[in-house]
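> A predicted structure for the sequence below; I have some questions about it.
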Amino acid sequence: MATHYCTDNEVARFLQVEHFSGSTFPLDSTVEEFVNMAEERVDQLTDHAWHSGRPKSVTDERVRVQQVQSNVVSTRGRIQLRHYPILAFSQHASPSLSQTNGNIKIWSSGGYVDYLDSDNSKTLGSNVADVSNDAWADIERGIIYLNSYSLHNMLNSSPAGVDGYVSYKYATADTPADIKLATIYFTASIIAMNDDLNVMQEGDDSMDNATRSQRFEDMAMKILKDNRRLGRTMTMARAIGGFGTGMVTP
């Protein structure tokens, strides 16, 4: 069964109607489609994926590498990915930080070197303490660190300012409560605005379905705004000491 931010039964409980099934109107399968629509909208609004069972994939994200001073002779590199947490640096089905051909391609004096191609004999650490490797990652913050980055770029600068291309999967492990509730509200809004479904009876002392639908929509947006989920961003390298290979920061 597919992973969802909320279930059709949770939507039914919110609407205070009978649980959806294969004999209700709408069908449980129809409501599941509405849940999918609501989830996709949440993902688009927040530019994120909110469960590891529904990861998003990025192919060849263009990155710049910030040079960072260290306590070793050479200068290290730091890449801030657009999305996080990182589930995998590959497009393989099973999330793993050790998959080959996963595409962490870094410019190196005339060509891009894929750190996850076993032919290149590079080592990748899975946490920030793995500093003896050629590269290591802060999974939760979406940061990749490169060892001896300055040596790679002494002869030639990267073409068109693209220091690297990274392919990866990302998602928050478990759906936060506010995201679940926003998804319920969005799903309920879809149901309420369809008069043909007639799930909620209108009465003289209650609001009409169109008003209900708009109210649910507004509540979902309020949740995302109040919890600062919209425009979800992280401080990029340029904001913490410099952007690009010409900048060296402690």
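Received it, and whenever you're ready, just let me know what you need. Residues are numbered from 1 along each chain as shown.
> low pLDDT regions in the protein?
1, 70-74, 90-102, 150-156, 195-206, 231-250 (pLDDT under 70).
> can we see that at 80?
Applying pLDDT under 80 to the chain flags the ranges 1-2, 69-74, 90-103, 109-110, 116-121, 126-130, 149-161, 194-207, 227-250.
> got the domain boundaries for it?
8-51+174-226, 56-170 (automatic domain parsing).
> What is the neighbour count of the residue lying closest to residue 29 once chain neighbours are set aside?
The shortest distance from residue 29 to any residue other than its chain neighbours is 7.5 Å, reached at residue 22 (Cβ to Cβ, 6 or more residues apart in numbering). C-beta here means a position set from N, CA and C on the backbone, and glycine is covered the same way. Neighbour count of residue 22, defined by other Cβ atoms under 10 Å: 7.
> Could you give the backbone dihedrals for residue 22?
Backbone torsions for residue 22, taken as degrees, to the nearest 10, come to phi -80, psi 0.
> Wait, it touches residue 28, no?
Yes: with contact defined as Cβ atoms under 8 Å, residue 22 reaches residue 28; the gap is 6.4 Å.
> would you turn the domains of the chain into JSON lines with distance to residue 2?
Formatted as JSON lines, these follow (distance: least, Cβ to Cβ, whole Å):
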{"stretch": "domain 8-51+174-226", "distance to residue 2": "8"}
{"stretch": "domain 56-170", "distance to residue 2": "15"}
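> Which residue, neighbours along the chain excluded, lies closest to residue 56?
residue 49 (4.3 Å).
> residues near that neighbour, how many?
Counted with other Cβ under 10 Å, residue 49 comes out at 23.
> swap in residue 127?
Count around residue 127 with other Cβ under 10 Å applied: 12.
> May I see the buried residues of whatever helix or strand residue 191 lives in?
Following DSSP states H and E, the helix or strand that holds residue 191 is helix 177-193. Using 16 or more other Cβ atoms under 10 Å as the test for burial, helix 177-193 gives 179-193.
> Over to stretch 34-44?
For stretch 34-44, by 16+ other Cβ under 10 Å, it's 34, 35, 36, 38, 39, 41, 42, 43.
> With only the CA atoms kept, save it in CSV.
Taking Å, rounded to 0.1, in the frame of the first residue of the first chain, the C-alpha atoms of stretch 34-44 are listed here in CSV:
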residue,chain,number,x,y,z
PHE,A,34,-8.1,13.2,-3.7
VAL,A,35,-5.5,12.6,-0.9
ASN,A,36,-2.8,12.1,-3.6
MET,A,37,-3.8,15.5,-5.2
ALA,A,38,-3.7,17.2,-1.8
GLU,A,39,-0.2,15.6,-1.0
GLU,A,40,1.2,16.8,-4.3
ARG,A,41,-0.1,20.3,-3.6
VAL,A,42,1.5,20.3,-0.2
ASP,A,43,4.8,19.1,-1.8
GLN,A,44,4.6,21.9,-4.4
